[in-house]
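**Q** Just the structure for this:
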Amino acid sequence: MEHSSQSVRDACTSPDALFSTPQDDLLRMIYCEFTHDIDRLKRAYSIRDEQSISRTRNSPSYILYQADYDEVNRTLVGFLSLRWIHLGQYENFVGSQPHDAQLTRESFKWIQEFYNEVIADSDALYALITSIIINDLGKDPQLASDYYEMTGTDIAYLNHDAILLKACQAGLIFSLEKLPPQYKDDLIRGMELGATFNFGQMAQAENVPACLSGLYLMKERPNCFQMRFMEQLLDIAGAAGHMDYTCAKKLIQPIFDSYRNVYDACQSIIAGTSNTRAGYDMILDRRSETLHAVGFRLVDIGNSEDRALMRLLCMGNVVTHDKASLFQKTWDSLEMSTRRVLVSSLNMDGRSGEPAVQPTYMPAFLSRIKDERSLTHALCYLARVMTLALAKPVDPPASVLVMERSLLGVMKTYVEPGEFDKDPAILDRIDVPEGVVAVTI
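**A** Residues are numbered from 1 along each chain as shown. Okay, here's the model as predicted:
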């Protein structure tokens, strides 16, 4: 089989042969098929964790470009994770995951069975691969510029999922044109859902119930939702690919459990057995049970103060008793005025006339914090972020359900370079990001 000259689409008719291709050859094959899209990822931004492994010349982007590009590596490790799933290579998949949090074989088997259920034919497999490759193209600033050049409309202020959707609708993502109409439509519908609803944001309680309203439209398109969920699992599997490209580093058991919870909650909303608030609270309840199992107190989601604390515990990716106790101690020591703001804002669902705030990238921030002083400053800053004052008039004001405030700039300017670690009080001296309308009626 001559892989260098065969297209990925043709190769999808024989997935066993496709995924058995030697890894470097397979990556080059993918690059030949999606050159324009993968090249865009060279410009995409990324958030780095604190720890990384030493670079070698074996990363996916180094194989293709003889240089390292974070988002190229993240995307292609997501694709390689699909390869490990198809071939049943559990050891490759878990690789260097921490032993005490490693994805179990039972969970890996669940993912395999879900994949086999979703991918019914070669067109579905090609659509999934396409979805993996294009998922983060909205992080390329040039894409918004290209859209502006084509339409005269500025979309650079939108989140990257919304930018990708706009670009796809304008015909700027050429890979979509290779798909059969049904699968192209399914991917775009999945992006429409993703523009307001992100699985990871729900798993971390970063978004609000109003963001889940798009799930009601999935009732008649179950395959579309299943494809989107599979792609999102692979996205988290590749999320640490810019630091460790040898395995699905981030898809550890606690994170998989949180995504399974999201899947169950979404299915209940789609089926009509839960409304968006009840589906959202399912995530909080299950995290409460998880923490209670490791010795933390049982948090009562029916209590507004406890519910606000549980959202913070989810945003901080808290799964241990010690970390939960740190959050509880810090929460108890906050000034009453700050805690009152957080209780009120973290319990908003997003309604007409009472919009909620979505603090994007706050989980990436909170998950790095290790001491009470830093967490105190972070929560005081969050209280300011969550205090909504529309910077720009919105017409009509009552149509806004969710305002997004992105902390990406704060992460890049103060957190990643270590300025916050040196002086947590620096947050007291910086402005909150401007709000952007995320969800309307």
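**Q** In three-state terms, how would Glu404 be classified?
**A** strand (DSSP: H, G, I helix; E, B strand; the rest coil).
**Q** Tell me how many other residues crowd the closest residue to it other than its chain neighbours.
**A** Among residues not flanking Glu404 along the chain, Ala438 sits closest, at 3.9 Å (Cβ to Cβ, 6 or more residues apart in numbering). For glycine as for every other residue, the C-beta is placed from the backbone atoms N, C-alpha and C. The burial count assigned to Ala438 is 27, neighbours taken as other Cβ atoms under 10 Å.
**Q** Would you mind measuring from Ala438 to Ser367?
**A** Separation of Ala438 from Ser367 (Cβ to Cβ, to the nearest Å) stands at 22 Å.
**Q** How about Ala425?
**A** From Ala425 to Ser367 the distance is 20 Å (Cβ to Cβ).
**Q** So these two - more neighbours on which side?
**A** Neighbours were counted for Ala425 and for Ser367 using other Cβ under 10 Å; Ser367 has more, 15 against 12.
**Q** quick one: contacts of the helix or strand harbouring the residue nearest to Glu404?
**A** Element membership for Ala438 (DSSP states H and E) is strand 436-440. In this structure, residues lying in contact with strand 436-440 by Cβ atoms under 8 Å, 6 or more residues apart in numbering are 157-159, 196, 210-211, 213, 350, 358, 394, 399-406.
**Q** Report the buried members of those.
**A** 158-159, 196, 210-211, 213, 350, 358, 400-406 (16 or more other Cβ atoms under 10 Å).
**Q** Among these, which one sits closest to Arg105?
**A** Cys211 (33.4 Å; Cβ to Cβ).
**Q** Check for me that the closest one belongs to a helix.
**A** Yes - secondary structure of Cys211 (three-state DSSP): part of a helix.
**Q** Pretty sure it sits against Pro355.
**A** No - Cys211 lies out of contact with Pro355 (Cβ atoms under 8 Å); the separation is 11.7 Å.
**Q** so where's the stretch 151-300 of the chain uncertain?
**A** The stretch 151-300 of the chain contains no residues with pLDDT under 70.
**Q** if we can go back for a sec, each with direction, which strands does the strand holding Ala438 pair with?
**A** Using DSSP bridges, the strands paired with strand 436-440 in its sheet are strand 400-406 (antiparallel).
**Q** Give me the contact list for the strand it pairs with.
**A** 159, 196, 207-208, 210-211, 350-352, 355-361, 385, 388, 390, 394, 432-441.
**Q** What about these, which are in helices?
**A** Thr196, Val385 (DSSP state H).
**Q** Please pick the buried ones from the contacts of strand 400-406.
**A** 159, 196, 207-208, 210-211, 350-351, 355-361, 385, 388, 432-433, 435-439.
**Q** these two touch, right, Ile119 and Leu125?
**A** Yes - Ile119 sits in contact with Leu125 when judged by Cβ under 8 Å, with a separation of 5.0 Å.
**Q** Give the residues shared as contacts by the two.
**A** What both Ile119 and Leu125 touch, as defined by Cβ under 8 Å, 6+ apart, is the set Pro15.
**Q** Could you tell me how far Ile255 is located from Gln358?
**A** Using Cβ to Cβ, Ile255 is found at 20 Å from Gln358.
**Q** what's the answer for Ser258, then?
**A** For Ser258, the distance to Gln358 - Cβ to Cβ - is 18 Å.
**Q** about what we covered before: state the pair within the buried ones among the contacts of strand 436-440 that is farthest apart.
**A** Ser213 and Ser406 (21.1 Å).
**Q** and Tyr157, helix, strand or coil?
**A** Following three-state DSSP, Tyr157 is assigned to coil.
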